[in-house]
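[1] Here is the input, now give the coordinates:
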Amino acid sequence: MSANQARPVTAEEPAVRDPDWYKDAIIYELHVKAFYDSTGDGTGDFGGLIEKLDYIADLGVTAIWLLPFYPSPFRDDGYDIADYLSVHPDYGTLRQFRTLVREAHRRGLRVITELVVNHTSDQHPWFVESRSKPQGAKQDWYVWSETDQRYRDARIIFTDTESSNWAWDNERRRYYWHRFFSHQPDLNWDNPQVFRAVLKVMNFWLELGVDGLRLDAVPYLIEREGTSSENLPETHAILKRLRAGMDERHPGRMLLAEANQWPPDVRPYFGDGDECHMAFHFPVMPRIWIALRKEDSWPIIDIMEQTPAIPEPCQWALFLRNHDELTLEMVTDDERDYMWNEYAIDPRARINLGIRR
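    Residues are numbered from 1 along each chain as shown. Got it, this is the predicted structure:
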């Protein structure tokens, strides 16, 4: 059946027809702003993406994954979100987003979006209120401290730009915690109000027909003294509650964990089939590139032999490239040197622990 002949379906129908759709999905990642401009203003938009859905469907993919399209100051390419319940006006409107989801479903394409809830932009109204009203309703929505000496066992992720996981706020006269950039304060997941707010955000997009949510930076939700503040039991308890909330109101939808960790550390993000449906397999990605250059499958075989079994309803998300392409955290020092020497001879191509485009 051609796209023009396809009958309209409801937002929920694709998932209901096949609740395990994600297990053999072919996912096409795209950035709305860089994909297709329908207005001539130089920025891609929902209208342009809708125009090109037939092209995407003809590629043979079964789902599209949209990078963040929310209001943002764009200091981290949109992952610094300033409003979870809207779309950036450069891309269009919520009405156009609904049309996009409907038209994607008509073509048998499912839609995956981002749920970035480890941190927000420092321009988000939640943080603006938290920093300006220390006794207000959102005083504890972020991780504040009188000292920058807490959680010292947590590694700094972006060592090329950040010297600490704490940043001083002149307005509140306190430090705030950030595992990513200093303009991305971490939410305080020990506060039950934060969980309820995020659950509201999740349901908002699922009710618009979104089929799956990529959970950004999930290992870092919780902080505890004397630990790396990664992959903590409390983090998994949060994910189980989010999954239960999804299954109750929106069965057949999917959660995809972004945890740039070794396979044994990622395995718990599946739980007993009651946390995330999928998780990225970051270590296999650079080894595909090594195997291609060496014309030897052993690097892939080796890492897959180190990959534990997962619950039957779950699936690893394998990828060759995405916006985190050629991140080299989950490799040995020798493997990183090999990748740099083979694919990034120019030092300008090297960034942090990876290779830039």
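
[2] which element follows the helix or strand of the chain with the lowest mean pLDDT toward the C-terminus?
    Considering only helices and strands, the least confidently modelled element of the chain by mean pLDDT, DSSP states H and E is helix 13-17, at a mean of 57. For helix 13-17, the succeeding helix or strand toward the C-terminus, using DSSP states H and E, is strand 27-30.

[3] For L206, give me the pLDDT.
    Looking at L206, its pLDDT stands at 98.

[4] For the lengthiest strand in the chain, what is the distance to the chain centroid?
    In the chain, ranked by residue count with DSSP state E as the criterion, the top strand is strand 110-115. The gap between the average C-alpha position of strand 110-115 and the chain average comes to 9 Å, counting by C-alpha atoms, centre = their mean, to the nearest Å.

[5] can you tell me the average pLDDT over it?
    Averaging pLDDT along strand 110-115 yields 98.

[6] by contact count, what packs against it?
    Counting contacts by 3 or more C-beta pairs under 8 Å, 6 or more residues apart in numbering; DSSP states H and E, strand 110-115 packs against strand 63-66, helix 94-106, helix 192-207, strand 212-215. The way it works is simple: take the backbone N, C-alpha and C, and place the C-beta from them, glycine included.

[7] Now distance to R356 too, for the ones you listed, in JSON lines please.
    Output for these, formatted as JSON lines (distance: least, C-beta to C-beta, whole Å):
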{"stretch": "strand 63-66", "distance to R356": "21"}
{"stretch": "helix 94-106", "distance to R356": "30"}
{"stretch": "helix 192-207", "distance to R356": "30"}
{"stretch": "strand 212-215", "distance to R356": "21"}
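
[8] and of the ones you listed, who's closest to R321?
    strand 63-66 (12.7 Å; C-beta to C-beta).

[9] Show me the contact partners of the closest one.
    Where contact means C-beta atoms under 8 Å, 6 or more residues apart in numbering, the residues beyond strand 63-66 that reach it are 21-22, 25-32, 56, 104, 109-114, 211-212, 214.

[10] Just the buried ones from the residues you listed?
    Burial of the contacts of strand 63-66 was assessed by neighbour count (16 or more other C-beta atoms under 10 Å); the buried members are 21-22, 25, 27-30, 32, 56, 104, 109-114, 211-212, 214.

[11] and P264, backbone torsions?
    Backbone dihedrals for P264, given as degrees, to the nearest 10, come out at phi -60, psi -30.

[12] Could you find the closest non-adjacent residue to it?
    Counting by C-beta to C-beta, 6 or more residues apart in numbering, the nearest residue to P264 once its immediate chain neighbours are dropped is P308, at 5.9 Å.

[13] right, and that neighbour touches D265 too?
    No: between P308 and D265 there is no contact under C-beta atoms under 8 Å: 10.1 Å.

[14] Mind checking which of these two has more residues around it?
    D265 (14 against 10; other C-beta atoms under 10 Å).

[15] who's in contact with that one?
    Applying C-beta under 8 Å, 6+ apart, we find D265 in contact with 219, 231, 259.
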